[in-house]
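Chemist: Here is the input, now give the coordinates:
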Amino acid sequence: MGLLPMKVKTICAVFAVIMLVGCESHDDKPIVDNKTAEAICKAKANLPGGWTTSEVTPEVQKATNLVIKGMEKTAKVKKMLAVHSQIVNGVNYALEFQLENGTIWSAIVYRDPEGKYNITQTPIPGLFCDH
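Modeler: Take a look at the predicted model:
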């Protein structure tokens, strides 16, 4: 009983793990934070710290441009479908937009108090309330 039985057991264990990982189901739907999507979709006006419907402002345009640049899309925004904002230590923008090619996307961008923008919810196809 040398090293050969040990190697066979190790190889079998590694093979079993690879097979189990390979059998995992992979869903092509993007991961959406359901609590955030629900909060955006059921937003009530005047709720402190809650999401509210917003207008397209220069800050929203900057946030949208950051998302498009991050998507590496050459298409331009055809239409902003919805904008929601949440006042925190800075501002969260929930963006829903349609590109010129007809696809609809949603993303969340955070603008800190110094005016720096950061994508906090990567772009997902569809509207927040569709997930």
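Chemist: since we're on residue 68, how many residues are nearby?
Modeler: Around residue 68 there are 18 other residues, counting by other C-beta atoms under 10 Å. Using the backbone N, CA and C atoms, a C-beta is placed for each residue, glycine as well.
Chemist: Now do the contacts for it.
Modeler: Counting by C-beta atoms under 8 Å, 6 or more residues apart in numbering, residue 68 makes contact with 75, 76, 77.
Chemist: need the contact list for the residue nearest to the first one when sequence neighbours are not counted.
Modeler: Closest residue in space to residue 75, ignoring its immediate chain neighbours: residue 99 at 4.2 Å, by C-beta to C-beta, 6 or more residues apart in numbering. Residues near residue 99 by C-beta under 8 Å, 6+ apart: 73, 75, 76, 77, 78, 105.
Chemist: Sticking with the last one, tell me its helix or strand.
Modeler: I take that to be residue 105. strand 104-111 (DSSP states H and E).
Chemist: Which parts of the next helix or strand after that strand count as buried, going by neighbours?
Modeler: Once the chain leaves strand 104-111, the next helix or strand it forms, by DSSP H and E, is strand 117-125. For strand 117-125, burial by neighbour count (16 or more other C-beta atoms under 10 Å) applies to 117, 119, 121, 123, 124.
Chemist: Let me have those in JSON lines, extended by distance to residue 82.
Modeler: Converted to JSON lines, the buried residues of strand 117-125 look like this (distance: C-beta to C-beta, whole Å):
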{"residue": "117", "distance to residue 82": "19"}
{"residue": "119", "distance to residue 82": "17"}
{"residue": "121", "distance to residue 82": "14"}
{"residue": "123", "distance to residue 82": "14"}
{"residue": "124", "distance to residue 82": "14"}
